[in-house]
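[1] My questions are about this predicted structure, shown below with the sequence.
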Amino acid sequence: MPSETIILDGHIVDSLLLPKVLDLIDTGNGSHVIEQIAIGRTRREPSTATIRIDAPDDATLYKILAAVRQHGAIAAPRREATTAPAPQDGVAPPDFHAVSPGPLAVLIGEKWLPVEQAETLSCIVIANGAARMVPVGSVQEGDLVVVGRDGIRGG
């Protein structure tokens, strides 16, 4: 499921901007998770909300993003996927991102790489500018394996 994170900043509560943006997400066939919110203590203090938007497909997500941007939403900074070398054959590094089959992409540099699928519980290996699922037992020593959750879309 495609997702993007946005940030709303300013007087988002008293101006009713926050509920308006959430309504645009919901009526646009998306769903949302408020990941972080800080409400100003007075009318003069701004508020900030970080919201993850999930959509059933890329076209729906892009349509929702276009609608919420008209109300001042900005894209949250993206963090690139982190990799660590496999310590030995058949062993993934600690905190590897375990995946099962399904649409998945990883952010490497400025590019989202679609992950080639595997049949079993796998990890993501980055090699030669591509991302692919590899069964953990097939990992080779030194393979660059994605660890953590940063820079992963889907799965």
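    Perfect, I can see it now.

[2] Counting neighbours, what do you get for residue 93?
    17 (other CB atoms under 10 Å). For every residue, glycine as well, the C-beta is placed using N, CA and C.

[3] Just to check, it is in contact with residue 86?
    Yes. At 6.1 Å, residue 93 counts as touching residue 86 under the criterion of CB atoms under 8 Å.

[4] intersection of neighbour lists for those two?
    By CB atoms under 8 Å, 6 or more residues apart in numbering, residue 93 and residue 86 have these common neighbours: residue 145.

[5] can you give me the strands in the protein?
    Using DSSP state E, the strands found in the chain span residues 3-10, 31-38, 47-54, 74-75, 82-85, 104-108, 111-116, 122-127, 130-135, 144-147, 152-154.

[6] Present those as a markdown table; the columns should include mean pLDDT and distance to residue 98.
    A markdown table is the format used below for the strands of the chain (pLDDT from 0 to 100; distance: least, CB to CB, whole Å):
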| stretch | mean pLDDT | distance to residue 98 |
| --- | --- | --- |
| strand 3-10 | 88 | 19 |
| strand 31-38 | 92 | 21 |
| strand 47-54 | 91 | 20 |
| strand 74-75 | 83 | 28 |
| strand 82-85 | 94 | 14 |
| strand 104-108 | 77 | 12 |
| strand 111-116 | 78 | 13 |
| strand 122-127 | 90 | 6 |
| strand 130-135 | 88 | 10 |
| strand 144-147 | 94 | 10 |
| strand 152-154 | 68 | 11 |
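
[7] Mean neighbour count added to those strands, as CSV?
    Listed next are the strands of the chain as CSV, based on neighbours: other CB atoms under 10 Å:
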stretch, mean neighbour count
strand 3-10, 17
strand 31-38, 14
strand 47-54, 19
strand 74-75, 11
strand 82-85, 17
strand 104-108, 20
strand 111-116, 16
strand 122-127, 22
strand 130-135, 18
strand 144-147, 22
strand 152-154, 18
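
[8] Pipe these into a markdown table and attach distance to residue 18 per row.
    Listed next are those as a markdown table, based on distance: least, CB to CB, whole Å:
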| stretch | distance to residue 18 |
| --- | --- |
| strand 3-10 | 6 |
| strand 31-38 | 8 |
| strand 47-54 | 6 |
| strand 74-75 | 14 |
| strand 82-85 | 32 |
| strand 104-108 | 27 |
| strand 111-116 | 28 |
| strand 122-127 | 35 |
| strand 130-135 | 35 |
| strand 144-147 | 33 |
| strand 152-154 | 25 |
